[in-house]
Structure formats: C-alpha cells, structure tokens
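1. Quick one, what's the 3D model for this:
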Amino acid sequence: MEKEHQIFGIRAIIEAIQSGKEVDKVFIQKEISGELMKDLMKVMKRANINFSYVPVEKLNRLTPNNHQGAVATISPIGFIELEHLVDSTVASGTTPLFLILDQISDARNFGAIIRTAECTGVNGIIVQKSGSAPVNGDTVKTSAGAVFNVPICKVEHIKDAIFYLQGSGIKTVAATEKTDQNIYDISLNEPVAIIMGSEDRGINPSVLKIVDEKAKLPMFGTIGSLNVSVACGAFLYEAVRQRN
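-> Residues are numbered from 1 along each chain as shown. From the prediction side, this is the model:
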C-alpha cells in the first residue's frame, strides 16, 4: 500500500471519515478494544465503510508507524454520484455505455477492467460500496492510470442502481453463463449497462432476476470460464463493434 494512500491511528481515521475523505477500507487489529475503538466502529457504521480484523503483523507490514491497531486505505480519486453520471452522459449526446461490477473484490482485476473500460469508451463504472475492490496502488498501476479518466460511482446497493438506470431508459445486460442467449445475438447499440460478476460467485441471483437481458460468451475449451477482466473485454468490444 502506498503511504500517501493510507492513514494510520484510530483518531486520525475517525477525523478522516468525518471530514469526508474517501476511505475505502479500514484494517483493525484483532481483539483490540477501548472507547476510541468503539467510536471508530460507530463512525464506520454511519459511513458504511468496509473493515476487516487482521493480525497485528499485517498492520506492521502496512506501516512502520504507531498505528494504534488501525490502518485505513484512502482512495486516490473522487467518486461521482449516479444521478450526475447518468445526466452528464445523456447531456453529452453519446449513447450511454455503463459498466456495473458486482462483487468483484480483487484490486488487480478491477484495475484491468478499468483500463479496458477506458479503451472502449465506457462512460462510467458503477460499484457497490461494500464488497468491492478498493481503488488503491494496485488498482492504479494495473489500470495504467486509466482510473483517473473513467468516472467511478459507488452505490449502496447494485439493485437500486439497476432500477435507476432502467428508469432512465438504459437497458441492463448481465454477463452470465445461466442463459442460452449468446452475447453476439443481442443488441448493444443502444443505451446499455453491462453487469459483470466475480469469477467465484458470479452475479448475485437477486440481481439476475431484475436485469433486462442475460448473455454469455461462447466457450469451446474444457476450462469453462474466463478471467473476469478478459470476459469484460469481450463484452465491451462487442459493444464497440456494434456501435461502429
């Protein structure tokens, strides 16, 4: 973790959250307690910030400083509101192309997806606040800096974002093997949001129930699955092909 993207110390983390800093995640030492820690937990809960309990050895690897049992990762970018993302994209006169990432927690996969999204003209990426990969040093490096060029929106719930997009006239397409429909048989030459899920869990079943269409990539080998960043690239470039 790059030092400019971290905060250490319980009180400093509380102040950062209360001042509106984009805190992605807080690592807390196992079995630590005290009134200050209780205050931190309350502040994190109100702000809906991810946290996990880790051994003190991990915190010591993150920073050589006196961390008091807590280290936070800070996003190097700002995030955009969903309503503003949709409104600004529509106002620009382009045919909206959004990407929704459901339960993708690996920072390197996230970075690779952002890089592909930038290359294919994606107007914005939508992720859920909880359970999603942070924007950290690994994300920035893997994205080759594309993270600074693609608007990213964090939402409380993916389903609410999908309902909002649908209400705005944007079709939602889920990339899933749980369908007979091929990606090359559906229209992406219209306002659309493509939804990608994690490699191990896929897209949440509750999300699959509400999307407009489902599509899969044809698979001819014995492995049966692709890395999510590779699959995402295939979907996005099919959208590019149809639009050009």
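
2. From what I see, residue 29 and residue 62 are in contact.
-> No: between residue 29 and residue 62 there is no contact under Cβ atoms under 8 Å: 11.0 Å. Yep, even glycine has a C-beta here, placed from its N, CA and C like the rest.

3. give me the low-pLDDT residue ranges for this structure?
-> Residues of the chain that meet the criterion pLDDT under 70 lie in 1-4.

4. give me that answer again for 50
-> 1-3 (pLDDT under 50).

5. Quick check: residue 153 is in a strand.
-> Yes: applying DSSP: H, G, I helix; E, B strand; the rest coil, one finds residue 153 inside a strand.

6. Could I get the contacting residues of it?
-> If you count contacts by Cβ atoms under 8 Å, 6 or more residues apart in numbering, residue 153 has them with 79-82, 85, 124-127, 161.

7. For it, give its distance to residue 204.
-> 18 Å (Cβ to Cβ, to the nearest Å).

8. what's the answer for residue 101, then?
-> To residue 204, residue 101 is 12 Å away according to Cβ to Cβ.

9. What of residue 165?
-> Per Cβ to Cβ, residue 165 is found 16 Å from residue 204.

10. Which one of these two is surrounded by more residues?
-> residue 165 (23 against 18; other Cβ atoms under 10 Å).

11. how about the nearest residue to that one, chain neighbours excluded?
-> residue 193 (5.2 Å; Cβ to Cβ, 6 or more residues apart in numbering).

12. Tell me the strands beside the helix or strand harbouring that neighbour, with direction?
-> Assigned by DSSP states H and E, residue 193 belongs to strand 192-197. Here strand 192-197 is paired, per DSSP bridges, with strand 97-102 (parallel), strand 171-175 (parallel).

13. Return the most buried member of those strands.
-> strand 97-102 (a mean of 26; mean count of other Cβ atoms under 10 Å).

14. Which strands or helices does whatever helix or strand comes next after that strand pack on?
-> Once the chain leaves strand 97-102, the next helix or strand it forms, by DSSP H and E, is helix 107-119. Contact analysis of helix 107-119 by 3 or more Cβ pairs under 8 Å, 6 or more residues apart in numbering; DSSP states H and E lists strand 97-102, strand 124-128, helix 137-142, helix 228-243 as its packing neighbours.

15. Please tabulate those in JSON lines and include distance to residue 186 as additional columns.
-> Formatted as JSON lines, the helices and strands packed on helix 107-119 follow (distance: least, Cβ to Cβ, whole Å):
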{"stretch": "strand 97-102", "distance to residue 186": "14"}
{"stretch": "strand 124-128", "distance to residue 186": "20"}
{"stretch": "helix 137-142", "distance to residue 186": "29"}
{"stretch": "helix 228-243", "distance to residue 186": "9"}
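
16. was I right about residue 187 contacting residue 242?
-> Yes: the pair residue 187 / residue 242 is scored as a contact, 7.1 Å apart, by Cβ under 8 Å.

17. ok, residues contacting the strand holding residue 193?
-> By Cβ under 8 Å, 6+ apart, strand 192-197 touches 96-104, 113, 126, 158, 162, 165, 170-176, 188, 203-204, 207, 211, 228, 231-232, 235-236, 239.

18. Return the set of buried residues in that strand.
-> Along strand 192-197, these residues count as buried under the neighbour rule (16 or more other Cβ atoms under 10 Å): 192-197.

19. check which helix or strand covers residue 52.
-> Secondary structure (DSSP H and E) places residue 52 in strand 50-54.

20. tell me what that strand is packed against?
-> Looks like strand 50-54 contacts strand 23-29 (3+ Cβ pairs under 8 Å, 6+ apart).

21. in its sheet, what does the strand it packs on sit against?
-> For strand 23-29, pairing defined by DSSP bridges yields strand 50-54 (parallel), strand 70-74 (antiparallel).
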